[in-house]
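Visitor: Please work out how this folds:
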Amino acid sequence: MPAVSKGDGMRGLAVFISDIRNCKSKEAEIKRINKELANIRSKFKGDKALDGYSKKKYVCKLLFIFLLGHDIDFGHMEAVNLLSSNKYTEKQIGYLFISVLVNSNSELIRLINNAIKNDLASRNPTFMCLALHCIANVGSREMGEAFAADIPRILVAGDSMDSVKQSAALCLLRLYKASPDLVPMGEWTARVVHLLNDQHMGVVTAAVSLITCLCKKNPDDFKTCISLAVSRLSRIVSSASTDLQDYTYYFVPAPWLSVKLLRLLQCYPPPEDAAVKGRLVECLETVLNKAQEPPKSKKVQHSNAKNAILFETISLIIHYDSEPNLLVRACNQLGQFLQHRETNLRYLALESMCTLASSEFSHEAVKTHIDTVINALKTERDVSVRQRAADLLYAMCDRSNAKQIVSEMLRYLETADYAIREEIVLKVAILAEKYAVDYSWYVDTILNLIRIAGDYVSEEVWYRVLQIVTNRDDVQGYAAKTVFEALQAPACHENMVKVGGYILGEFGNLIAGDPRSSPPVQFSLLHSKFHLCSVATRALLLSTYIKFINLFPETKATIQGVLRAGSQLRNADVELQQRAVEYLTLSSVASTDVLATVLEEMPPFPERESSILAKLKRKKGPGAASSLDDGRRDASSNDINGGVEPTPSTVSTPSPSADLLGLRAAPPPAAATAPASAGNLLVDVFSDGPAAQPSLGPTPEEAFLSELEPPAPESPMGLLADPAPASDPGPEDIGPPIPEADELLNKFVCKNNGVLFENQLLQIGVKSEFRQNLGRMYLFYGNKTSVQFQNFSPTVVHPGDLQTQLAVQTKRVAAQVDGGAQVQQVLNIECLRDFLTPPLLSLRFRYGGAPQSLTLKLPVTINKFFQPTEMAAQDFFQRWKQLSLPLQEAQKIFKANHPMDAEVTKAKLLGFGSALLDNVDPNPENFVGAGIIQTKALQVGCLLRLEPNAQAQMYRLTLRTSKEPVSRHLCELLAQQF
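Guide: Predicted coordinates:
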């Protein structure tokens, strides 16, 4: 930028500013400003032509007056005239005035555009930068229409100076954000990517900002930026602070550019090229290693820059969710920040660990910090940090720690901030329901919740406990006893009265044999609360009273006396009056049989989406509780059902949010002629194994298998599941799978849950579970746009002979998917015999009128039907020798594609489906496994041995099965995981 000469000091402007500052009152300031405005107006209207210096000085004064908060209604034309000056200072003031004062709808825009066009064509880099800055600052649509085509040419021109390229990139970014439709995609898009290789770091920084914004809407046009971004990031990360001296900030080389590059990479899936991916992993490891090094400066700027890169690196690792070693390291790194003295770092660490907890690779590592997080919940001063701690406890909760976490959250609830109490109540209610193995613990927890924070317990919470108690006859007696004891407290919350009234009205007879809870005592206890309650609760209690007349005839006279009281029959509230009159008449007129029929016990409630979870999602905002958030839950929590709304309704497939409370749709009701008992309707809502209390229903294993039996056409399940229409496309009608289909499939060989596919329009998530030769898969289709998908039609296709090897029953989904919405499709799968190729998912829909099609490989591979088998060393070697035919063995020696970590290897082998056998192989470094592949036609035994060589970074994998194709296929599948 040209130096400003002495003569450009504008003494008159300095004097005016000094006069303003010396004014003793607001009136004196206004008087001085009005005097100056009159003088400037006269100068502009005078006969004598003003020179450039005078115009500049007066325009500067007007600008200063405007910045003081006064309106300026003249001088705009003089500022426009300054744009034609050849002096930098005059042109600069003209552009500055226009950028600040000119409205985007001003009549002068065309004159300004002409001046800008002249400066852009001048090839003077200083004038070009001023013009580009003005375009960006004004950012009107008219300016965008005038220059959107010229700026890309300036950006990629070979003779443009570095400063001009920087300004052009940022100007184009501003126009694109204001009016995306005005920026044409063309040949320049490929050339702008190569600016990432530019020698000037400022150009690279500006280009990364532009590309990051552009690729969100047109990812395919900028896909080549991945390798260039990785290359540039690698050079920065591996450089010393002295290598990039001009761009080193407190001993951290180019921190802003590093963060921008990491954010750019988060717009894409992991690189497909193995070399690029390896280089990127090396970069991420280097950042994690540098974070462990002692700081090179004690200044806060150094630690801020260093931590900014570290947190963005961890965000990228979480985004990829494909490198177990990096995920565990990232978790350990964040764990060190949980006790950092900086509040902001503790907040960021908790927030990032919430996301890490959803990855099946790092969930266990996150759980190791449970004590630190609980301590943060208790001791943190900042409420936002405490809220993040509560979120992390919710995210890391599973069967192994549910009771500890729920008890700690209940304890915290007594002193929690009022702003977050309702959210914590919802989370406690969900966790108590989701991970309860003992119904008595669940009932105790919810009643404790009502006692501690009754004002924040919404209707959804106590509705849910009523539904659970109604549907489980083995907990009804305990619930009645517990709620009766809770009602005896002197100060009892109204929600407790509601729960007590309902449960005692339905199941009070189960505790009536105890003289301490005899029918008159129950009635007296409830009626003592009657006058302290709201109208809605009184109405519920009146219903309880009429139920008591049916359950306990000895209370009839007492209750009729209450109903006959004038305070009820002439109550000002119509609802209470009507109930009292009708219940009194019913109890007086109806016979015992009629009364017993009308007032019989409520039937079990049908399964529906949990309204507790729906309420939590509404509170957290859209997208906060994605149905894939819990995609990393281990096998111990695989048999949790979705929530239930205690209102009669027809059975329907759960919505996506219902699956957050489990991996299975609600079981279909039995036929009308054989209604399900309360004992077995919800048999495996909670438990993995037999409950602590006696259960009348089947075991979870039996329940799972019975649910997945292929339904007969006349069964209720057959009526619910729509068969594929005759017009569905066959293999010859669909396009080939997308190029990355094999890579996406490979990600799911050792895991069952995650994101199968994602682009700028659509996200497809998967949740699945398999037992024996049966499986159930949930596909979640999320519309990422604001435009509705039309004619949405996902179809499962069996290529080749797969139809005879694998049976897949699908449920039809809605033909329209609203913007930002998500729909769920349920697939029931049966393995008939061993197969080698997975089924295809063909997806067709219309977006904005344009047809879209997509073909993926469904993550259903033969190893999903593995049954882990434990055996002693002697049995293993005996079986190994029996499978000694050449065709029964498949062996592969291959180089490790990922860091060799024993824990990660063990997790992958377990995820593959086999049981790991200890003390079998003489070499403790080797892994030995066994399992049986379950198909309907036959069982295929499988033995495997994995021999890692850490020095050579190689593996040798040997598999022996009773069928040759299965051996080769399993060997190929498993080798790709390492």
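
Visitor: What residues of stretch 247-262 count as buried?
Guide: For stretch 247-262, the neighbour count (16 or more other C-beta atoms under 10 Å) marks 247-262 as buried. (C-beta placed from N, C-alpha, C; glycine too.)

Visitor: again with stretch 934-944
Guide: For stretch 934-944, by 16+ other C-beta under 10 Å, it's 934-935, 940-944.

Visitor: And for stretch 25-45?
Guide: 29, 33, 36-37, 40, 44.

Visitor: Can you pull the phi/psi pair for Cys831?
Guide: phi -90, psi 110 (degrees, to the nearest 10).

Visitor: Now do it, the pLDDT please.
Guide: You'll see Cys831 listed with a pLDDT of 91.

Visitor: would you turn the buried residues of stretch 934-944 into CSV with distance to Pro739 and secondary structure?
Guide: Listed next are the buried residues of stretch 934-944 as CSV, based on distance: C-beta to C-beta, whole Å; DSSP: H, G, I helix; E, B strand; the rest coil:
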residue, distance to Pro739, secondary structure
Gln934, 33, strand
Thr935, 31, coil
Val940, 32, strand
Gly941, 36, strand
Cys942, 31, strand
Leu943, 35, strand
Leu944, 30, strand
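
Visitor: Which of the residues you listed sits closest to Thr368?
Guide: Using C-beta to C-beta, Leu944 is the member of these that sits closest to Thr368, with 29.5 Å.

Visitor: can you confirm Gln809 is in a strand?
Guide: Yes. Assessed by DSSP: H, G, I helix; E, B strand; the rest coil, Gln809 belongs to a strand.

Visitor: That one: neighbouring residues, count only.
Guide: 20 (other C-beta atoms under 10 Å).

Visitor: right, and it touches Asn828 too?
Guide: Yes. Counting by C-beta atoms under 8 Å, Asn828 is a contact partner of Gln809 at 4.4 Å.

Visitor: Could you give the average pLDDT over the helix or strand containing Lys56?
Guide: If you go by DSSP states H and E, Lys56 is part of helix 52-67. Taken as a whole, helix 52-67 has a mean pLDDT of 90.

Visitor: If we ignore the residues flanking it in sequence, what's nearest Asp455?
Guide: Nearest residue to Asp455, sequence neighbours excluded (C-beta to C-beta, 6 or more residues apart in numbering): His493, at 7.4 Å.

Visitor: likewise Phe866?
Guide: Gly913 is the one closest to Phe866 (C-beta to C-beta, 6+ apart), at 2.7 Å.

Visitor: cool, Arg141 as well?
Guide: Closest to Arg141 by C-beta to C-beta, 6+ apart is Ser179, at 5.4 Å.

Visitor: Who are the packing partners of the helix or strand containing Ser234?
Guide: In the assignment (DSSP H and E), Ser234 maps to helix 225-237. Judged by 3 or more C-beta pairs under 8 Å, 6 or more residues apart in numbering; DSSP states H and E, the packing partners of helix 225-237 are helix 201-215, helix 255-265, helix 274-292.

Visitor: Put together a markdown table for the ones you listed, with distance to Arg771 and mean pLDDT on each row.
Guide: Shown next, in a markdown table, are the helices and strands packed on helix 225-237 (distance: least, C-beta to C-beta, whole Å; pLDDT from 0 to 100):
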| stretch | distance to Arg771 | mean pLDDT |
| --- | --- | --- |
| helix 201-215 | 42 | 91 |
| helix 255-265 | 38 | 92 |
| helix 274-292 | 34 | 90 |
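
Visitor: Take these and lay them out in a markdown table including distance to Arg879.
Guide: Shown next, in a markdown table, are the helices and strands packed on helix 225-237 (distance: least, C-beta to C-beta, whole Å):
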| stretch | distance to Arg879 |
| --- | --- |
| helix 201-215 | 53 |
| helix 255-265 | 47 |
| helix 274-292 | 36 |
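
Visitor: do you know which of these lies nearest Tyr412?
Guide: The nearest among these, by C-beta to C-beta, is helix 274-292 at 30.9 Å.

Visitor: ok, residues contacting the helix or strand following that closest one?
Guide: Downstream of helix 274-292, the next assigned helix or strand under DSSP H and E is helix 300-320. Here helix 300-320 makes contact (C-beta atoms under 8 Å, 6 or more residues apart in numbering) with 249-252, 255, 258-259, 262-263, 265-266, 269-270, 284, 287-288, 290-291, 295-296, 323, 326-327, 330, 333-334, 345, 348, 352, 355-356, 359.

Visitor: Next up, the contacts around Lys55.
Guide: Per C-beta under 8 Å, 6+ apart, neighbours of Lys55: 78, 81-82, 90.

Visitor: wait, which of those is closest to Leu426?
Guide: Leu82 (61.3 Å).

Visitor: From what I see, that closest one and Thr89 are in contact.
Guide: No. Applying C-beta under 8 Å, one finds Leu82 not in contact with Thr89, separated by 9.5 Å.

Visitor: what's the helix or strand for the closest residue to Asn571 other than its chain neighbours?
Guide: Spatially, and ignoring its direct neighbours in sequence, Asn571 is nearest to Gln577 (4.4 Å; C-beta to C-beta, 6+ apart). Following DSSP H and E, one finds Gln577 within helix 574-589.

Visitor: Please name every helix or strand in contact with that helix.
Guide: By 3+ C-beta pairs under 8 Å, 6+ apart, helix 574-589 packs against helix 535-551, helix 556-564, helix 566-569, helix 592-598.

Visitor: right, so those helices: which one is the most enclosed?
Guide: helix 535-551 (a mean of 21; mean count of other C-beta atoms under 10 Å).

Visitor: Other residues contacting that helix?
Guide: So helix 535-551 is contacted by 494, 497-498, 501-502, 504-506, 508-509, 512, 519, 522-523, 526-527, 529-530, 533, 555-556, 559-560, 562-563, 568, 573, 575-576, 579-580, 583, 586-587, 595-596, 599-600 (C-beta under 8 Å, 6+ apart).

Visitor: Please list only the buried members of those.
Guide: 494, 497-498, 501-502, 504-506, 508-509, 512, 519, 522-523, 526, 529, 533, 555, 559-560, 562-563, 568, 576, 579-580, 583, 586-587, 595, 599.

Visitor: helix or strand for the closest residue in space to Ser99 that isn't next to it in sequence, which one?
Guide: Excluding the flanking residues, the one nearest Ser99 by C-beta to C-beta, 6+ apart is Asn137, at 3.7 Å. Secondary structure assigned from DSSP H and E places Asn137 in helix 125-138.

Visitor: and that helix, what's its mean pLDDT?
Guide: Helix 125-138 comes out at a mean pLDDT of 91.

Visitor: And for whichever helix or strand comes after that helix, what's in contact with it?
Guide: Remark: after helix 125-138, the chain's next helix or strand is helix 141-147, criterion DSSP H and E. Applying C-beta under 8 Å, 6+ apart, the contact partners of helix 141-147 are 104, 109-110, 113, 116-117, 120, 135, 175, 178-179, 182-183.

Visitor: which of the residues in stretch 90-110 are buried?
Guide: 90-99, 101-102, 106, 109.

Visitor: now these in TSV, with distance to Ile446?
Guide: Shown next, in TSV, are those (distance: C-beta to C-beta, whole Å):
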residue	distance to Ile446
Glu90	75
Lys91	72
Gln92	69
Ile93	70
Gly94	70
Tyr95	66
Leu96	64
Phe97	66
Ile98	65
Ser99	61
Leu101	63
Val102	63
Ser106	64
Ile109	64
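
Visitor: So for those residues, which is the shakiest by pLDDT?
Guide: Pick the lowest pLDDT in the buried residues of stretch 90-110 and you get Ser106, at 73.

Visitor: what's the domain layout of the chain?
Guide: With the TED database as the criterion, the domains of the chain are listed as 437-598, 739-860, 863-976.

Visitor: Reformat these as CSV; add distance to Asp71.
Guide: CSV is the format used below for the domains of the chain (distance: least, C-beta to C-beta, whole Å):
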stretch, distance to Asp71
domain 437-598, 50
domain 739-860, 38
domain 863-976, 66
